[in-house]
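Peer 1: Provided below are the primary sequence and the corresponding predicted coordinates.
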Amino acid sequence: SRWTRHCPIGSRPVLALRGGGEVVDFVARPPKRAKPTPSNQDSSLSTEVSMNQTEPRQSDQEILRMLNLEREKVAHLREENARLKKLSGVETEGDGNKKAKSTGAMAETAENYYLAHATKLAFESEYVDPNRVVDRFIASVAACRDEWRKQTLNAPYFAVVQASMMGKSRLFFRLAERQIFIFYICLGGPEFNGYPKGDPALVKALTSQTCSEGFYAAFLLAALEKLFEFRRTDPPGSSADWIRQQQDTTFWTSILERAKNQSRQLPFLFPGLDKDENEQQINERKNQYFTKLRNHFDHVLQAQATSQDNVLFIFDEARCLLQSAEGSQVSNFVILRRALQIFP
């Protein structure tokens, strides 16, 4: 993804980053005083926030200090990395060139480590939401659910689009503080340098060019069944505990194993088409297939005593789903959307 220069709202330090994956600047700043806005003006999209305090609190001072330390480390490693890269391009005899290249790679790895550490530190700092963005997002989710039940939508989903470093992922994690049970799925691959990282096995399974409607449906149902098991514990687990469980490497492994097993069985397995069938017959077969899947979903979900109104699947870095398999005009996004249509 592309880093963009941005100053997050609130009294938090700022990471100013831009460029095509290359760090250009890394800055820790104290908060600014914002100009007052008229009371009748909607400031929901404004990044200026009125501050009551003129000096950072003690916790802010500590974060500023830590970020400045990380800045110094990254600056030093950037200089060393540039020197070693230049050295690695010089022709030398014996193993000198190989050694220079190896040392340059180590410096680059260390720089990435410190950058990732600073990003994680900023992500986990106090969340400032003076414009009630979380409340507005929850209202949008509720509106989408209501429209789906009125059968005015093609599928129960909506897109969240904004530039990098604007706080999309942080917003998603705040939902867990509102008794909303979220499945946070980051589809960023090995080249993704943001935070949080996705589970490699999960990313590979959900972005494979062999994904089918049956597999996606089995995955969604397996994930919900794991949530229902969690909520049946005594005492029932909270939404905050639920999101913490997803940091365990075995969490998604168990869901994927169940999904893969179910996708090979009826009603998830789509029977092969006969080459002699015409288009009308093929469409009838597909309609029957999705009807059986929908009935299976209804049966499983109705058997649960817990509500599904406060459950949300989040696919972060989802643009990779727009890629189509070679020779196919149907992307994984379209296939996943068809699977979402099974939800009641």
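Peer 2: Cool, got the structure.
Peer 1: contacts, neighbours, all on C-alpha from now
Peer 2: Will do.
Peer 1: Show me the shaky parts of the stretch 101-250 of the chain.
Peer 2: Within the stretch 101-250 of the chain, the stretches with pLDDT under 70 are 101-119.
Peer 1: That one: strands as residue ranges?
Peer 2: 181-186 (DSSP state E, counting those that start in this stretch).
Peer 1: Just the helices from it, written as ranges.
Peer 2: All helices of the stretch 101-250 of the chain, identified by DSSP state H, counting those that start in this stretch, fall at 133-149, 168-174, 200-206, 213-231, 239-245, 249-263.
Peer 1: For the fourth one, output the C-alpha coordinates as PDB.
Peer 2: The reference is to helix 213-231. The C-alpha trace of helix 213-231 is given here as PDB (Å, rounded to 0.1, in the frame of the first residue of the first chain):
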ATOM      1  CA  GLU A 213     -19.100 -19.800  -3.700                       C
ATOM      2  CA  GLY A 214     -19.300 -23.000  -1.800                       C
ATOM      3  CA  PHE A 215     -15.900 -22.500  -0.100                       C
ATOM      4  CA  TYR A 216     -16.700 -18.900   0.900                       C
ATOM      5  CA  ALA A 217     -20.100 -19.900   2.200                       C
ATOM      6  CA  ALA A 218     -18.500 -22.700   4.200                       C
ATOM      7  CA  PHE A 219     -15.900 -20.300   5.600                       C
ATOM      8  CA  LEU A 220     -18.500 -17.800   6.700                       C
ATOM      9  CA  LEU A 221     -20.600 -20.400   8.400                       C
ATOM     10  CA  ALA A 222     -17.600 -22.000  10.100                       C
ATOM     11  CA  ALA A 223     -16.500 -18.600  11.500                       C
ATOM     12  CA  LEU A 224     -20.000 -18.000  12.800                       C
ATOM     13  CA  GLU A 225     -20.200 -21.400  14.400                       C
ATOM     14  CA  LYS A 226     -16.900 -20.700  16.200                       C
ATOM     15  CA  LEU A 227     -18.400 -17.400  17.500                       C
ATOM     16  CA  PHE A 228     -21.500 -19.200  18.700                       C
ATOM     17  CA  GLU A 229     -19.300 -21.600  20.700                       C
ATOM     18  CA  PHE A 230     -17.500 -18.700  22.200                       C
ATOM     19  CA  ARG A 231     -20.700 -16.900  23.300                       C
END
